[in-house]
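Enquirer: fold the following for me, if possible:
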Amino acid sequence: MIRTLVVEDDPLAREAHVAYVGRVPGFKVVGAAGTGTEALRLLAATPVDLVLLDVHLPDTNGLEILRRMRAEGRTADVIMVTRARDVEVVRAAVAFGATQYLVKPFTFNAVAAKLASHRTYVQRLEAEPVLAQGDVDGLFEALRTPGPDPGLPRGVGRESLEAVAGVLEAAGEDAGRTAVEVAEQLGASRVTARRYLEHLVEIGMATRRSRYGAQGRPQVEYAWRPGGARS
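Expert: Sure, this is the predicted structure:
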């Protein structure tokens with residue numbers, strides 16, 4: 001069992017990440033922290049094999065936590081979890097020893113694929129205590145290759161789903177968006193946008209409700225559901 005620590009400052013997102021990890025076979029959440037101070041305390045008190053580490057924290061940043069971990073001799077693997085797309089952030093994360101990088105917003109399937117790759121990496125490492133060049137290459141390839149994917153319905157692509165999810169998350173749970181509005185923002189058709197929005201409702205990441213205007217029939221709008229995850 002891969003003992004996992006989740007570090008995320010937003011309470012609802014933290015709850016969602018804990019739920020995501022708990023749904024992937026071979027992983028067990030042993031702690032969840034909302035600040036860098038709390039993360040370091042848990043690392044000192046609890047055996048941890050893997051850290052899902054947010055970059056932006058209220059008292060520090062994930063890169064500093066990662067640097068402190070390595071300076072203290074902590075060898076737990078780290079998957080950086082962040083909105084940051086800055087090349088310098090990615091370069092620093094790699095330099096400090098992050099094994100993978102997960103960019104928000106993401107779905108359960110994206111997390112599951114990253115964790116599956118990590119699980120394969122750990123299994124290969126445990127099976128080959130003495131490594132030749134080919135074995136080392138295989139280990140790094142396991143981290144680069146997507147692991148087994150729980151799959152998406154026909155006609156639903158991962159990148160497009162995450163783009164639609166990003167539109168809703170950016171709007172917030174109180175500001176719904178119709179399929180037409182999402183389509184216009186992403187340059188897609190209304191039918192396509194609705195298909196993705198309905199899938200987000202199905203997996204518990206969005207809610208569906210009616211929007212009443214001054215005239216005419218009410219429109220269907222979709223809103224982000226923080227921490228939503230289908231069990």
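
Enquirer: all contacts plus neighbour counts: C-alpha atoms, from now on.
Expert: Fine.

Enquirer: quick check: next helix or strand after the worst-scoring helix or strand of the chain on mean pLDDT?
Expert: Of all helical and strand segments in the chain, the minimum by mean pLDDT, DSSP states H and E falls on helix 133-144, at a mean of 58. Once the chain leaves helix 133-144, the next helix or strand it forms, by DSSP states H and E, is helix 158-171.

Enquirer: tell me the average confidence for that following helix?
Expert: Confidence for helix 158-171, expressed as mean pLDDT, is 83.

Enquirer: what does stretch 14-25 give?
Expert: Computed over stretch 14-25, the average pLDDT equals 88.

Enquirer: do stretch 194-208 as well
Expert: In this model, stretch 194-208 has a mean pLDDT of 88.

Enquirer: just stretch 74-88 next, same as before
Expert: Stretch 74-88 comes out at a mean pLDDT of 82.

Enquirer: quick check: end-to-end length of it?
Expert: 23 Å (Cα to Cα, to the nearest Å).

Enquirer: quick check, distance from it to the centre of its chain.
Expert: 11 Å (Cα atoms, centre = their mean, to the nearest Å).

Enquirer: list the buried residues of it.
Expert: Neighbour-count burial for stretch 74-88, counted by 16 or more other Cα atoms under 10 Å, picks out 76, 77, 78, 79, 80, 81, 82, 84.

Enquirer: from those residues, which two are the most distant?
Expert: Taking every pair in the buried residues of stretch 74-88 and measuring Cα to Cα, the maximum separation is 21.9 Å, between 76 and 84.
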